[in-house]
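1. Provided below are the primary sequence and the corresponding predicted coordinates.
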Amino acid sequence: MEIPLLAFALVFALASANGANDVSKAIATLVGSGVTDYRSAIAWGTVWTVIGAALAAFVASAMIKTFSHGLVQTGTIIEPAVTLGVLTGTMAWVLFASRTGLPVSTTHALTGAIVGTGFVAFAGEGLIWSAIGKKIALPLLLSPFLAFAVSLLIHPAIRALARKWEGACLCVMPASRALVAIDPRRGTKTLFQAAHFGSPVMAVPSQCDRAGLQGLVVGLDTIHWISSGLGAFARGTNDAPKIVAMLLLGSATPAWPSTSSQLAAFGGVALAMGLGSYFGGLRVTEVLAENVTRMDHAEGLSANLTTSLLVLVSGTLGLPVSTTHVSSSAIIGIGLLKGLNSVCWTTVRDMVLAWVVTLPASALFACIAYLILSKVL
């Protein structure tokens, strides 16, 4: 097998492992709050993960530059075995964590693999330590605390809105060009109706299960679905460019040979992330949905909004944060609002231990892979 082909295979394998571990971060709240079942939630997260990963090809140039050339000194010769070692070590750890149900950070794993292999391959002299500290370590260190704080700040407001809206919904009625609000007592109020289109609102056939109206009902469930999809979308745009960047690690320039090759790389990674998400995402989703804290609508919505907001903003700025750390910290923070006993601290302990172990574990796996590959290739 040629080395470029092997690199592509490892990139797609890593993307699949990432999907299996990370799809849970956006959709666990759907299951944990009782909105839907595991399979429907995972399918929903898979769709939006693929969309986000594919669109990252057009918005994630800063992230690609950081992980492909921003951590290594200019002029450093990076052998193919280094790139393959980084990919193998990262994939091995993320896959192991997914099989055991531990939510870990692919960003952490990639960073550990790059640093570990860099030490063995060129004694660490080719690494840009200031960039690793400012662009990688600092955002990763601060993001859990920031997610924790943001979730605590926004949840009271979301809780108040949810209580006010509990039992109420909006009914979108295309046939009558109308938007109708339905209160908890099934009373209706026309918020908008386009002139000269359709029939009067109350003349619509009595088929609506809420108030005798026919249309699309939008309630708290719908908003929770949307926030979950946004979180999965953000995760896709955040993780795909880091994985794709490994194809440029060691190349002479950070640019793609052609636009078609860039689109093909992102398309392949998006597809692999989707396959991994759908077929392997159950184990970690169960941990976050059931074993951290029980959630209702408002709590799940707060966690999703915190995750999507922080991940999208950091991705736009080219700052690699961990979706795992952000989402898990938001869920823990919301759980603490209900009291210390509302959080399963045994699960939290295992999660934090996995976060801490990720850097040295991925570095060790990558070093072993590099030493083997350097003798074989």
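-> Now that the structure is in, tell me what you want to look at. The structure displayed is predicted, hence computed values, not measured ones.
2. In the stretch 51-200 of the chain, where is pLDDT below threshold?
-> 75, 124, 166-168, 174-176, 185, 195-200 (pLDDT under 70).
3. please redo it, this time with the cut-off set to 80
-> 59-62, 65-66, 68-77, 102, 123-126, 128, 131, 134-137, 139-140, 161-200 (pLDDT under 80).
4. The longest helix out of those in the chain packs against which elements?
-> Counting by DSSP state H, the longest helix found in the chain is helix 345-376. When contacts are defined as 3 or more CB pairs under 8 Å, 6 or more residues apart in numbering; DSSP states H and E, helix 345-376 sits against helix 80-100, helix 106-122, helix 323-336. Any C-beta I mention is one placed from the backbone N, CA and C, and that applies to glycine too.
5. what helix or strand is Thr76 on?
-> Using DSSP states H and E, Thr76 sits within no helix or strand.
6. Correct me if wrong: it contacts Phe122.
-> Yes: Thr76 lies in contact with Phe122 (CB atoms under 8 Å); the separation is 6.5 Å.
7. Go through the longest helix of the chain and flag the buried ones.
-> Across helix 345-376, burial judged by 16 or more other CB atoms under 10 Å covers 347-348, 350-351, 354-355, 357-359, 361-370, 373-374.
8. tell me the mean pLDDT over it?
-> Mean per-residue pLDDT for helix 345-376: 86.
9. Now do the same contact list for Ile51.
-> Residues near Ile51 by CB atoms under 8 Å, 6 or more residues apart in numbering: 233, 236, 270.
10. Number of residues surrounding the first one?
-> Burial measure for Phe233: 24 neighbouring residues, criterion other CB atoms under 10 Å.
11. Next, count neighbours for the residue lying closest to it once chain neighbours are set aside.
-> Closest residue to Phe233 apart from its sequence neighbours, by CB to CB, 6 or more residues apart in numbering: Gly52 at 3.9 Å. Per other CB under 10 Å, the neighbour tally for Gly52 reads 29.
12. let's number from 550 now, not from 1
-> Okay, using 550 as the starting number, the last item reads as Gly601.
13. Is Gly601 in contact with Gly778, as I believe?
-> No: using CB under 8 Å, Gly601 is not in contact with Gly778, being 9.4 Å away.
14. before we move on, back to that, angle of the longest helix of the chain against helix 655-671?
-> 30 degrees (axes from the mean of the first three to the mean of the last three CA atoms, to 10 degrees).
15. which element is Leu728 on?
-> strand 727-731.
16. can you give me the offset of that strand from its chain's centre?
-> Distance, stretch centre to chain centre, for strand 727-731: 34 Å (CA atoms, centre = their mean, to the nearest Å).
17. do the same with stretch 720-739
-> That offset, for stretch 720-739, works out to 35 Å (CA atoms, centre = their mean).
18. May I see the buried residues of it?
-> Quick answer for stretch 720-739 (16+ other CB under 10 Å): 720, 722, 725-729, 731, 737.
19. for stretch 693-702, same thing?
-> Buried, per 16+ other CB under 10 Å, within stretch 693-702: 693, 695-697, 699-701.
20. Any chance of these in TSV with secondary structure and distance to Ala847 as columns?
-> Below are those laid out as TSV (DSSP: H, G, I helix; E, B strand; the rest coil; distance: CB to CB, whole Å):
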residue	secondary structure	distance to Ala847
Pro693	helix	22
Leu695	helix	21
Ala696	helix	17
Phe697	helix	17
Val699	helix	15
Ser700	helix	11
Leu701	helix	13
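21. Just want to check the distance between Ala781 and Trp904.
-> As for Ala781, its distance to Trp904 is 21 Å (criterion: CB to CB, to the nearest Å).
22. cool, and Ala603?
-> Taking CB to CB, one finds Ala603 at 28 Å from Trp904.
23. what do you get for Ala575?
-> Relative to Trp904, and taking CB to CB, Ala575 is found at 18 Å.
24. about what we covered before: most neighbours per residue, which of the helices and strands packed on helix 894-925?
-> helix 872-885 (a mean of 28; mean count of other CB atoms under 10 Å).
25. hmm, back to that, how far off strand 727-731 does whichever helix or strand comes after the strand holding Leu728 point, in degrees?
-> Of the helices and strands lying after strand 727-731 in sequence (DSSP H and E), the nearest is strand 737-742. For strand 737-742 against strand 727-731, the angle by the same axes, to 10 degrees is 150 degrees.
26. Pull up the pairing partners for strand 737-742, direction included.
-> strand 727-731 (antiparallel) (DSSP bridges).
27. Render the CA-only coordinates of the partner strand in PDB, please.
-> Output in PDB follows, covering the C-alpha atoms of strand 727-731 (Å, rounded to 0.1, in the frame of the first residue of the first chain):
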ATOM      1  CA  ALA A 727     -51.000  31.900   9.300                       C
ATOM      2  CA  LEU A 728     -49.000  31.600  12.500                       C
ATOM      3  CA  VAL A 729     -51.100  30.800  15.500                       C
ATOM      4  CA  ALA A 730     -50.100  30.700  19.200                       C
ATOM      5  CA  ILE A 731     -51.800  28.000  21.300                       C
END
